[in-house]
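In: This is a predicted model, with the sequence first.
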2 protein chains.
Amino acid sequence: MGLDDRKLAVLRAIVEDYVATQEPVGSKALVERHQLGVSPATVRNDMAVLEEEGYIRQPHTSAGRVPTDRGYRLFVDRLSRVKPLSPAERRAIERFLVGAVDLDDVVHRTVRLLAQLTRQVAVVQYPSLARSSVRHLELVPISTTRLMLVMIADTGRVEQRLVELPAPIPADHVIDLRRLVNEKLVGSRLSETPPLVQALVDESAPHLRGAMTTLSTVLLETLVERHEERIALAGTANLTRGGLLDFQGSLRPILEALEEEVVLLKLIGEAEPSTTRVLIGDENEVDNLRAASVVSTGYGPGATIVGGLGVLGPTRMDYPGTIATVRAVARYVGELLAQN
Amino acid sequence: MGLDDRKLAVLRAIVEDYVATQEPVGSKALVERHQLGVSPATVRNDMAVLEEEGYIRQPHTSAGRVPTDRGYRLFVDRLSRVKPLSPAERRAIERFLVGAVDLDDVVHRTVRLLAQLTRQVAVVQYPSLARSSVRHLELVPISTTRLMLVMIADTGRVEQRLVELPAPIPADHVIDLRRLVNEKLVGSRLSETPPLVQALVDESAPHLRGAMTTLSTVLLETLVERHEERIALAGTANLTRGGLLDFQGSLRPILEALEEEVVLLKLIGEAEPSTTRVLIGDENEVDNLRAASVVSTGYGPGATIVGGLGVLGPTRMDYPGTIATVRAVARYVGELLAQN
DNA sequence: GACTGGCACTCGCTACAGTCGAGTGCCAGT
DNA sequence: ACTGGCACTCGACTGTAGCGAGTGCCAGTC
């Protein structure tokens, strides 16, 4: 049960070497590359204990040891410090993100940057509508029975949706509608809109009642229920690094999982303030991702969180480096959003 | 040089069998499964000719034959009829696309549908801005020095962009601006806007001149120069079907190519009216895709083309089926767009 | 002249045996 | 508590052999 300091050092060494070389590491190689101050035989005894406790395992007899998910967990929790970023990385981040012109642009650049720096699959959630508030609503007449509803959120997100009216509507009524919805909804958080929208319908003048009813339906559908979350993905080619050793030979399940927005949201969308979450292999609830690890965190202007971002890679990943990069990128993006 | 009918029949049989089994096909198996009316020895002679002409090849001595890119080309051009869709497929298409509520929604559903039906990687280009015209421009004040420019195109696309003004601007000036740009630009094709935008600047009243100048820059940048094209992708997991035999063992180059929007646009963006384009292996200009084939076509309401869509898969693909599906989906999407 | 049956040949695939060596577990000794 | 030594395991690699699918070629037939 009790793991003394040296056993922990051995575990750390195993993790570091395995991550670096991708090959099972043996006792002899270990004492050669790390200053453990003991002989291979001693290390072997320690390894036997570590294996018994489930932190490492042998792929087969007469091979070296490989960390288990549990071993990585211990490593991440107690044996590693977050690596400071190299100046080159800092510069890369800044260079990459200045000049972004658009929310789309920011998200796009961010996800590419993350993929490039970590050399893994990067995922960035657009600022969540649930955490945004309404800045402006615009109604653009397309025909007499059709309006385009455009919502601009304070996070920069813009959503649009076609509204099919039950009856033709004159231009000045559209203006009335626009004024009403803006008066009532601007400034409110989207998660709180449903009662406000209901009130709008109830209070609206008879000549607007019909249009307002359909409008409200669309509003609720688009902004609250529907695919309110958007996600950007990049770096899937990085899955093929490390040959076919990672992911036990098949990318299939991983690629499948990455196509499901719901899954991605689960991975990075449940960010808590200023925490970096690390999910290692089995800890992952999605079966298809049992062979992968996810490092994710929240981002947003200032201290508030408006969305999540992170990377996905093999359990055999450089956790300290990845965690540092993910955090740094999230911080920069937050600053960028704060400026707008 | 001259390939008589039987030799062509042999080639067709080889392609069909190889596509179905994924294994090099030999002379004996061939006569067993197809009614060629001749003996294996004769077929062998034919195969020797076909090989000499470069239509098939042997992976190694004492293996069966496999079609070359040139062989597939001949097959597609002269030896195959487009398969009619099964009723089930027809129904799937209809079921999948009704209920789409939004351009985003349409594109999203389409790309998934294509991926599912063809079991390959699907690519759908959003209606090209270059082929759209302006339906409405909206200017929403964000602060005194910031406007959100929202452009709605007749194809349903909505683009937005932040405009950073050189000096604070009063609310009624924004209204003037909005009126001016709409008067001038609504109805014009985006590819023709640059001179119109320039005229706007030249003709604008002095008090609007400054704002109009920056606005025009942004307009041109966003709508004409910048990433005006958008693309949706789905079904990357399908690349892993057929083990690692397709794509000569490495998905890497394919996945890399799929991350480049420019590449994807080249693949499906150069659609010509009512043509289905088939690019087989080597014919592809993108080096990374030399082991893949692309089937693409244009789509749009009525006879006009507003964008492209298609699929990418191994050269060893079911061309007749894929071509049929791609065409059918494009036609349905066109009808859907025509309704809006 | 076109097709066919027969035959020798090629060569990848699989199975099997043997060797090597990395790495281990255990134990007696300090 | 640590160490050196030793026997043991087992995967990786090598070489050999047999099998069989598939071919190319040739002589023979219609």
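Out: That came in fine, so what should we check first?

In: drop to CA atoms for contacts and neighbour counts, all remaining ones
Out: OK.

In: Chain B contacts on the stretch 1-150 of chain A?
Out: Neighbours of chain B within the stretch 1-150 of chain A, by C-alpha under 8 Å from any C-alpha of the partner chain: A:101-102, A:135-136, A:140, A:142.

In: repeat that for 10 Å
Out: Counting by C-alpha under 10 Å from any C-alpha of the partner chain, the stretch 1-150 of chain A comes close to chain B at A:101-105, A:112, A:135-142, A:146, A:148, A:150.

In: got any ranges where chain A has weak pLDDT?
Out: Where chain A drops to pLDDT under 70, the residues are A:1-2, A:224-227, A:243-245, A:271, A:273-274, A:340.

In: In stretch A:194-204, which residues are buried?
Out: Neighbour counts using 16 or more other C-alpha atoms under 10 Å in any protein chain shown place A:194, A:197, A:200-201, A:204 of stretch A:194-204 among the buried residues.

In: near DNA strand C too, which of those?
Out: Near DNA strand C, taking C-alpha under 7 Å from any atom of the strand as the test, no member of those is found.

In: Between those residues, which sits nearest residue A:239?
Out: residue A:194 (41.9 Å; C-alpha to C-alpha).

In: rewinding a little: show me how to select, in PyMOL, the buried members of the residues of the stretch 1-150 of chain A next to chain B.
Out: The PyMOL selection below is limited to those of the residues of the stretch 1-150 of chain A next to chain B classed as buried (16+ other C-alpha under 10 Å):
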select buried, chain A and resi 102+103+104+112+135+136+137+138+139+140+141+142+146+148+150
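
In: Now, the residues of the stretch 1-150 of chain A next to chain B that are in strands?
Out: Those of these mapping onto strands are A:135-142, A:146, A:148, A:150, per DSSP state E.

In: Turn these into a markdown table, including distance to residue B:254.
Out: Formatted as a markdown table, these follow (distance: C-alpha to C-alpha, whole Å):
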| residue | distance to residue B:254 |
| --- | --- |
| A:135 | 42 |
| A:136 | 42 |
| A:137 | 42 |
| A:138 | 42 |
| A:139 | 43 |
| A:140 | 42 |
| A:141 | 44 |
| A:142 | 41 |
| A:146 | 42 |
| A:148 | 38 |
| A:150 | 37 |
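
In: mind putting the residues you listed in JSON lines, distance to DNA strand D included?
Out: Shown next, in JSON lines, are those (distance: C-alpha to the nearest atom of the strand, whole Å):
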{"residue": "A:135", "distance to DNA strand D": "60"}
{"residue": "A:136", "distance to DNA strand D": "62"}
{"residue": "A:137", "distance to DNA strand D": "63"}
{"residue": "A:138", "distance to DNA strand D": "64"}
{"residue": "A:139", "distance to DNA strand D": "65"}
{"residue": "A:140", "distance to DNA strand D": "65"}
{"residue": "A:141", "distance to DNA strand D": "66"}
{"residue": "A:142", "distance to DNA strand D": "63"}
{"residue": "A:146", "distance to DNA strand D": "63"}
{"residue": "A:148", "distance to DNA strand D": "61"}
{"residue": "A:150", "distance to DNA strand D": "59"}
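
In: Smallest gap between the stretch 101-250 of chain A and chain B, at which residue?
Out: Proximity of the stretch 101-250 of chain A to chain B (C-alpha to the nearest C-alpha) peaks at residue A:237, 4.9 Å away.

In: list the contacts for that residue?
Out: By C-alpha atoms under 10 Å, 6 or more residues apart in numbering or on different chains, residue A:237 lies in contact with A:115, A:119-121, B:251-259.

In: Please apply the same query to residue A:80.
Out: A:12, A:16, A:74, A:319-320 are the contacts of residue A:80 under C-alpha under 10 Å, 6+ apart.

In: Go through these and name the one nearest residue A:36.
Out: Distance to residue A:36 across these (C-alpha to C-alpha) is lowest for residue A:12, with 11.2 Å.

In: I figured the closest one hits residue A:73, correct?
Out: No. Between residue A:12 and residue A:73 there is no contact under C-alpha atoms under 10 Å: 11.1 Å.

In: out of these two, which sits in the busier spot?
Out: residue A:12 (21 against 18; other C-alpha atoms under 10 Å in any protein chain shown).

In: Return the residues in contact with that one.
Out: A:6, A:18, A:67, A:71-72, A:74-76, A:78-80.

In: Tell me the one of those nearest chain B?
Out: residue A:18 (23.4 Å).

In: Which helix or which strand is home to that closest one?
Out: Remark: residue A:18 resides in helix A:5-21, with elements defined by DSSP states H and E.

In: The following helix or strand past that helix near DNA strand C anywhere?
Out: For helix A:5-21, the succeeding helix or strand toward the C-terminus, using DSSP H and E, is helix A:27-33. Yes. Helix A:27-33 is in contact with DNA strand C by C-alpha under 7 Å from any atom of the strand, via A:27-29.

In: Helix A:27-33: how far from the chain's middle?
Out: 37 Å (C-alpha atoms, centre = their mean, to the nearest Å).

In: Run the contact check for that helix versus DNA strand D.
Out: No. On the criterion C-alpha under 7 Å from any atom of the strand, helix A:27-33 is out of touch with DNA strand D, staying 10.0 Å away.

In: Residues contacting that helix, please?
Out: For helix A:27-33, the external contacting residues (C-alpha under 10 Å, 6+ apart) are A:10, A:13-14, A:17, A:36-47, A:64-65.

In: So which bits of it are buried?
Out: Buried positions in helix A:27-33, judged by neighbour count with 16+ other C-alpha under 10 Å: A:27, A:30-31.

In: Quick one: the helices in the stretch 151-300 of chain A, in order.
Out: Using DSSP state H, counting those that start in this stretch, the helices of the stretch 151-300 of chain A run over A:171-185, A:193-203, A:206-220, A:252-259, A:261-268.

In: I'd like these as JSON lines, with distance to residue B:90 appended.
Out: Shown next, in JSON lines, are these (distance: least, C-alpha to C-alpha, whole Å):
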{"stretch": "helix A:171-185", "distance to residue B:90": "40"}
{"stretch": "helix A:193-203", "distance to residue B:90": "39"}
{"stretch": "helix A:206-220", "distance to residue B:90": "30"}
{"stretch": "helix A:252-259", "distance to residue B:90": "24"}
{"stretch": "helix A:261-268", "distance to residue B:90": "26"}
